[in-house]
Structure formats: C-alpha cells, structure tokens
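J.: Just the structure for this:
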Amino acid sequence: MRVYAVASGKGGVGKTTTVANLGAVLAAGGHETVVVDADLGMGNLAGALGVDAAAGPTVHDVLAGRTTATDACREGPVGLRVLPASDSLDDFGAANPSNLATLLDGLDAEVVLVDTSAGLSHDSVEPLRVADEVLLVSTPERGALNDTAKTRDVTGRFETPIAGVVVTRTTPETDEAAVADHLGVPVRGTIPDDPAVSAAADAGDPLVVAAPDAPATDAYRRLAADLTGDESLAPAPDEDDATVETEDEGDDASTDDEAEPTASADDDGGEQRTGFLRWLLR
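T.: Here you go, the predicted structure:
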C-alpha cells in the first residue's frame, strides 16, 4: 500500500479535486484505491464524488475510536472507495488526528490518497507525518506557491519524501520551470483551467464519468500513469497526431534518395510548420 498525502498551504487550489479525480482514474484503471477526507473541519470530498457523508460512519468516527476504517469506507464511482468526513462540530471535537496512522493501517488498498486541510494545524500536518509521500498541489500564482512552500518545509521537518507538485488551473502561459524552481520539487502534472472541472464537481461526479474526453481528464490520466508507472492509465494518443505522423512517414518514404543531401530554406519552413501542427493538435 502506498499512501499519498495531497497537500497545500492554501485552500481553494484544487486539493480535493485532485484527490477525487486522481483516485477515480486509478480505480477505473484497475488499481484498488481509497480516498480519505482528512480535512476534519471543512471536508467536502464526499460531495465531489456523489457520496452522502451523513449516510454512515465517517473518518471522524474512526479517529474517535467509534468504528474501523473498513466499516467507514463507502463505495464510490468507478470502483473507488471513499472514507468521507463529517460536517458536525461535535464530531470535529471528538476526532483525534493522532489516530490517523492507525486509521491508515486499517485500510486494504494499493493506493491511498489523503485529502488534507489547508494551513498549519495538528489535523493538517499529521497526514504529512504519516504518509509515505506528499504530493503538493498549487496554482501557479505566487501567493499560492509561497503558501505551498511552507507545506513543503513542514514536510521536510518530518523527513517525508515529496513526490512533486501538481499545478492546477494552468494556461499556455504557465511557466512550469519557474514553478519547479520556486518550490524546489519536480512538477509531476499540470491540470489545465478547464470548465469541465467545476461542472463535474457540481454534478458530484469525477471527470472520468462526467467528461471522459476533457483536457483536464487527460491530464489526470497522465498524472496517474506517472505516479504509478502504469502507462495503460495514460490517455490514448490523439487520432489527429497519428494521422499527421502517418502522412509524414509516407512523405519520407516517397522521397527520392538522390534529392536528399541538403535541406533548403523551404524545407526548414516545412519542418517548422509540421512541428507547429503537431503541437497544435496535441
């Protein structure tokens, strides 16, 4: 079992969205996956996956010693198992974050994704301590990156490995290298600013169900493949890309060997246009 704490210093950057959609991609691809809502004060992971948190025991009950993690898990979409959080203030007071390690030990899964709370508090830093790895999440804005850097520093004090950062709400202008340099960790995935993300969350469905062909869905598939090494999780190659490559190969095959020696300026321009077309159709 591999436990990832999905964390950031700032709220609203896409932690819960990443846990829900990364977990759904893994589960749909045949990897036994559990997502755990460890945001004890304002958890909303269940809603993003269409699970009614009030219909049974929650992570708060497990942390309070009232039930087991196995009994608190619910069936979510595409085979994903969900351990939701309660929105009751009484449950919040009874939950002991120090019991999180025991909760995780009670799960039987290949991958566990823990949705953490923002800021610095006992319940937000405990997942950083007990996880096998921490996956940071941030938008590219400087304020969000600065707050995420604090989470990175806290993680370092626990000596928990950092898997990298997922950059959300990216645009073609997003500078991935600058983000990696700012945080000092590799960028493991970029999630484009895609309206399908909020639409799926409003519907209570993961992207693989609500918008399987959306750009953000493909981005989460690539992230899942990168984290697990399972290339079958990655999106299928675009048919337009395959068409362009086939046409290029056909052109190369029909080229007269005697006319090959030196590329002209026109040839260079054609290669640039072909390269641009490949980029455009990705």
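
J.: ok, and the closest non-adjacent residue to Leu100?
T.: Glu126 (5.1 Å; Cβ to Cβ, 6 or more residues apart in numbering). The C-beta positions use only the backbone N, C-alpha and C, and glycine is treated the same way.

J.: Let me see the contact set for that neighbour.
T.: Ala38, Pro97, Ser98, Leu100 (Cβ atoms under 8 Å, 6 or more residues apart in numbering).

J.: Can you get me a residue count around the third one?
T.: What it means is Ser98. Each residue near Ser98 was counted by other Cβ atoms under 10 Å, and the total is 13.

J.: helix/strand/coil for it?
T.: Assigned by DSSP: H, G, I helix; E, B strand; the rest coil, the conformation of Ser98 is helix.

J.: What residues does it make contact with?
T.: Ser98 neighbours (Cβ under 8 Å, 6+ apart): His122, Glu126.

J.: ok, Leu223 touching Gly23?
T.: No - the criterion here is Cβ atoms under 8 Å, and Leu223 misses it with Gly23 at 11.2 Å.

J.: Have a look at those two and say which one is more surrounded.
T.: Set Leu223 next to Gly23 and count neighbours by other Cβ under 10 Å: Gly23 wins out with 32 against 24.

J.: Show the backbone phi and psi for the more buried one.
T.: Main-chain dihedrals, Gly23, degrees, to the nearest 10: phi -60, psi -40.

J.: likewise Val197?
T.: Dihedral angles for Val197 - degrees, to the nearest 10 - are phi -60, psi -50.

J.: who are the neighbours in contact with the residue lying closest to it once chain neighbours are set aside?
T.: Leaving out its chain neighbours, the residue that sits closest to Val197 by Cβ to Cβ, 6+ apart is Ala216, at 5.0 Å. By Cβ under 8 Å, 6+ apart, the residues touching Ala216 are Asn21, Ile191, Pro192, Asp194, Ala196, Val197, Leu207.

J.: Let me see the mean pLDDT of the helix or strand where the second one lies.
T.: Of the helices and strands defined by DSSP states H and E, Ile191 is found in strand 187-192. Computed over strand 187-192, the mean pLDDT rounds to 97.

J.: before we move on, what about stretch 161-176?
T.: The predicted model assigns stretch 161-176 a mean pLDDT of 97.

J.: Show me the contact partners of that stretch.
T.: 4, 13-14, 17-18, 132-140, 148, 152, 155-156, 179-180, 183, 185-193, 223, 227.

J.: So which of those residues belong to helices?
T.: Counting by DSSP state H, those place Thr17, Thr18, Thr148, Arg152, Thr155, Gly156, Val179, Ala180, Leu183, Leu223, Leu227 in helices.

J.: Surely the last one and Pro186 touch.
T.: No - distance between Leu227 and Pro186: 11.8 Å, which falls outside the contact criterion (Cβ under 8 Å).

J.: Mind checking which of the two has more residues around it?
T.: Neighbour count, other Cβ under 10 Å: between Leu227 and Pro186, Leu227 has more, with 23 against 13.

J.: quick one: pLDDT of the more buried one?
T.: For Leu227, the model assigns a pLDDT of 95.

J.: re the thing from before, direction included, what does the strand holding Ile191 pair up with?
T.: strand 162-170 (parallel) (DSSP bridges).

J.: could I have the strand it pairs with exported to CSV, CA atoms only?
T.: Extracted in CSV, the C-alpha atoms of strand 162-170 (Å, rounded to 0.1, in the frame of the first residue of the first chain):
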residue,chain,number,x,y,z
ILE,A,162,7.8,14.8,-1.6
ALA,A,163,6.6,13.2,-4.8
GLY,A,164,6.4,16.6,-6.5
VAL,A,165,3.8,19.2,-7.2
VAL,A,166,0.6,19.2,-9.3
VAL,A,167,0.0,22.6,-10.8
THR,A,168,-3.7,23.4,-11.3
ARG,A,169,-5.6,25.9,-13.5
THR,A,170,-2.7,26.2,-15.9
